[in-house]
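Engineer: output the structure for:
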Amino acid sequence: MTVKHKKAPQGETHSTSALPDSLFLNRELSWLAFNERVLAEAQDVRNPLLERLKYAAICGSNLDEFFMVRVAGVHRQIAAGVAIKSPDGLLPRETLARVREQTHVMLREVEKAARRAIADLHTAGVRIMRVADLGKKARAALHAHYLTQIQPVLTPLVVDPSHPFPYISNLSLNLAVLLRDEESENGQEFARVKIPVGVLPRFVVIGDVYLLLEDVIAEHLPELFRGREVLASYEFRVTRNTDYEFDEEEAEDLLATIEDGLRRRRFGAVVRLEVTREMPQNLLDFLTERLRLNELDVFELEGPLGTADLMGFPARTPELSYPAFTPHLPDLGDDDDDGIFAELARGDQLLHHPYDSFGGCWPFWKRRRQIRTCWRSSRRSTGPATINACWGHSAPPPRTANRWWR
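Structural biologist: Numbering: from 1, shown residues only. The predicted structure is shown next:
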């Protein structure tokens, strides 16, 4: 089941390697080259620790979207039997093979960068620990937190002849739980517990200690399956095809068509399965079969899975982040001088966002609203003098009025 993936030559990444048969870059491989730049920031030890963790989360989130849309699109081309080479000289099947090769390498690098950042954060005093390493007092506090905040939102599902394999939602993090069952052929029974990321934060905070939510749930599985013997649990994560296309001109009701497409996106085909390396082969084969997945689309990782969720890491340590940035507030005039329209009449003003604050636009919109109100109320009953008074000191040049009036 384990697939070997070749490494790129030293100093050259996979997705920047030239294609010999074409002068064009492949669309999917070019996107991966962009994401490698984000990964490089996560690996750069010159960046603050929390920022490195955020870059790893961004890189993981980018890959999630890449699989949901780009890879899913390539799968659809293959299913449609497309046999025409794209301008880069690759068939859809060849593109998919290269994408699989490169994303296996990239996901391992993203995971490695995240684990290195977490380890460095622990060294810097941000205590990210496993439940097994907690002391008695911390474990008691964690147990109380689990019973009141976590267990009430968990829904374990056991697979047996009367309960079919459950639907696994897109980008959901799950625990594959093995229970002892003397009546089954192999003496085991499969259960699935969905990690409620989104309902609850990915990190559980007990005092000054940060714990991964899936680790907390895994340690308390015997309480969730009372009366059953829990043999082991393993994490897995599913990515589904969410790419949806429709013809606007053929749709009788555009809104209904979009709503139907959004509903169907939830049940798209699985395009990626991420699992932890310690998952036994028989359980991995079971998941691959039930999810109808090619073994080449299985990614065996060290964890933590779902690095995109690391963006919500709750630690707020200023010395481990970039300094707070305060945008510049441009001087566009106010009520104490000639006003913003007089300033604009002297020449154009360049606002460079986000380095210039959007707050500088407020005087313009405030004055514009006053002028529009004054114009509507006076244009039929009064002369130009009243309209000119709306501008404050004097009427603006016609050019300025025409540019900013509507």
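
Engineer: for the chain, just list every one of the helices.
Structural biologist: 27-43, 49-65, 72-79, 92-123, 136-145, 213-219, 221-224, 254-265, 281-290, 340-346, 362-378, 384-390, 398-404 (DSSP state H).

Engineer: out of those helices, which comes closest to Leu173?
Structural biologist: Smallest distance to Leu173 across the helices of the chain (Cβ to Cβ): 6.3 Å, for helix 213-219. For every residue, glycine as well, the C-beta is placed using N, CA and C.

Engineer: any idea how far the closest one is from the chain center?
Structural biologist: 22 Å (Cα atoms, centre = their mean, to the nearest Å).

Engineer: got the CA coordinates for that helix in CSV?
Structural biologist: The C-alpha atoms that make up helix 213-219 are tabulated as CSV, following Å, rounded to 0.1, in the frame of the first residue of the first chain:
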residue,chain,number,x,y,z
LEU,A,213,-8.7,18.5,20.7
GLU,A,214,-8.3,15.1,19.0
ASP,A,215,-5.8,14.0,21.6
VAL,A,216,-8.1,15.0,24.4
ILE,A,217,-11.0,13.0,22.8
ALA,A,218,-8.8,10.0,22.1
GLU,A,219,-7.7,9.8,25.8
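
Engineer: give me the residues contacting it.
Structural biologist: Residues from elsewhere that reach helix 213-219, judged by Cβ atoms under 8 Å, 6 or more residues apart in numbering: 130-132, 142, 146, 150, 154, 173, 175, 193, 195-197, 200-204, 224, 233, 235, 304.

Engineer: so what's the residue nearest the centre of the chain up against?
Structural biologist: The residue lying closest to the centre of the chain (Cα atoms, centre = their mean) is Ser61, at 3.2 Å. When the contact criterion is Cβ under 8 Å, 6+ apart, the partners of Ser61 are Thr307, Ala308, Met311.

Engineer: between the residues you listed, which is nearest Arg76?
Structural biologist: Ala308 (23.8 Å).

Engineer: ok, back up a step: to Ser184, which of the helices of the chain lies closest?
Structural biologist: Closest among the helices of the chain, using Cβ to Cβ: helix 281-290, at 12.3 Å.

Engineer: which secondary structure elements does that closest one sit against?
Structural biologist: Other elements packing on helix 281-290 under the criterion 3 or more Cβ pairs under 8 Å, 6 or more residues apart in numbering; DSSP states H and E are strand 173-180, strand 270-276.

Engineer: quick check: angle from it to strand 270-276?
Structural biologist: 160 degrees (axes from the mean of the first three to the mean of the last three Cα atoms, to 10 degrees).

Engineer: and helix 281-290, average pLDDT?
Structural biologist: Here helix 281-290 scores 94 as its mean pLDDT.

Engineer: before we move on, what about stretch 185-194?
Structural biologist: Rounded mean pLDDT across stretch 185-194 is 88.

Engineer: please apply the same query to stretch 358-370.
Structural biologist: Stretch 358-370 comes out at a mean pLDDT of 66.

Engineer: also stretch 67-84?
Structural biologist: pLDDT averaged over stretch 67-84 gives 90.

Engineer: dump it to PDB, keeping only the CA atoms.
Structural biologist: The C-alpha coordinates for stretch 67-84 follow below in PDB (Å, rounded to 0.1, in the frame of the first residue of the first chain):
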ATOM      1  CA  PHE A  67      -7.600  19.400  -3.900                       C
ATOM      2  CA  MET A  68     -11.200  20.400  -3.700                       C
ATOM      3  CA  VAL A  69     -11.200  22.400  -6.900                       C
ATOM      4  CA  ARG A  70      -8.100  21.900  -9.100                       C
ATOM      5  CA  VAL A  71      -7.400  18.200  -8.500                       C
ATOM      6  CA  ALA A  72     -11.100  17.500  -8.600                       C
ATOM      7  CA  GLY A  73     -11.300  19.200 -12.000                       C
ATOM      8  CA  VAL A  74      -8.500  16.900 -13.300                       C
ATOM      9  CA  HIS A  75     -10.400  13.900 -12.000                       C
ATOM     10  CA  ARG A  76     -13.500  15.000 -13.900                       C
ATOM     11  CA  GLN A  77     -11.500  15.400 -17.100                       C
ATOM     12  CA  ILE A  78     -10.200  11.900 -16.800                       C
ATOM     13  CA  ALA A  79     -13.700  10.500 -16.000                       C
ATOM     14  CA  ALA A  80     -14.900  12.300 -19.200                       C
ATOM     15  CA  GLY A  81     -12.300  10.600 -21.300                       C
ATOM     16  CA  VAL A  82     -10.400  13.700 -22.300                       C
ATOM     17  CA  ALA A  83      -7.500  12.600 -24.500                       C
ATOM     18  CA  ILE A  84      -6.300  16.000 -25.800                       C
END
